[in-house]
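Student: can't give you the sequence, but here's the structure:
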């Protein structure tokens with residue numbers, strides 16, 4: 001669960017500067033927190049175990065696991081590498097009760113490299129798996145490193161991020177959208193590993 005302290009409006013007062021006629025607007029910051037259980041490492045199969053290709057488009061809607069918190073989706077091809085085709089998994093789910101979907105990047109033909117989406121999902125309802133080049137190929141679904149922000153941001157206002165009690169030396173990668181909540185995320189420079197995460201940002 002996302003835990004945050006929010007103060008609205010963001011401009012909570014005005015400060016008179018030492019320059020005649022110059023008024024400064026005071027702002028507040030938000031503290032966003034993810035528990036150790038939420039900030040677990042990326043997963044290759046936490047959403048669904050590997051599904052064998054059967055030569056046709058498959059819709060997978062059973063056996064779907066829960067995400068540890070709002071995260072992006074990872075798809076991992078496996079099995080016989082030569083049977084893997086450059087096709088895309090399409091994921092359908094929810095973000096804040098709203099139905100969303102995302103076409104993940106296409107796999108690399110004959111490669112078992114994972115691909116990741118950019119949208120944040122609270123949950124996955126089902127996904128579609130196109131036919132591959134052979135039935136020796138498999139695909140599993142998990143989650144990536146991106147943590148969902150609980151706000152629609154017009155611009156990146158993140159000030160700092162902590163993993164555990166250590167401040168990240170490199171600023172996180174932040175994706176923003178003023179219209180789509182699922183397109184707002186933060187990705188720490190270092191890999192998530194089950195330590196709590198805290199992010200400070202200026203209130204919009």
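Tutor: Right, received. Where do you want to start? Everything quoted here is computed from the prediction, not taken from an experiment.

Student: pull the helix or strand with minimum mean pLDDT from this structure.
Tutor: For the chain, using mean pLDDT, DSSP states H and E, the weakest element among its helices and strands is strand 3-5, scoring a mean of 47.

Student: tell me how the chain divides into domains.
Tutor: Structural domains annotated on the chain: 3-38+148-202, 43-144, as defined by automatic domain parsing.

Student: low-confidence ranges in this structure?
Tutor: Per-residue confidence for the chain (pLDDT under 70) gives these ranges: 1-12.

Student: please redo it, this time with the cut-off set to 50
Tutor: Applying pLDDT under 50 to the chain picks out residues 1-10.

Student: just give me the neighbour total for the nearest residue to residue 147 once chain neighbours are set aside.
Tutor: The shortest distance from residue 147 to any residue other than its chain neighbours is 5.3 Å, reached at residue 186 (CB to CB, 6 or more residues apart in numbering). Using the backbone N, CA and C atoms, a C-beta is placed for each residue, glycine as well. By the measure other CB atoms under 10 Å, the count of residues near residue 186 is 24.

Student: looks to me like residue 186 is in a strand.
Tutor: Yes. Following the definition DSSP: H, G, I helix; E, B strand; the rest coil, residue 186 is counted among the residues of a strand.

Student: my guess is it contacts residue 176, does it?
Tutor: No. Using CB atoms under 8 Å, residue 186 and residue 176 do not qualify as a contacting pair, with a distance of 9.8 Å.
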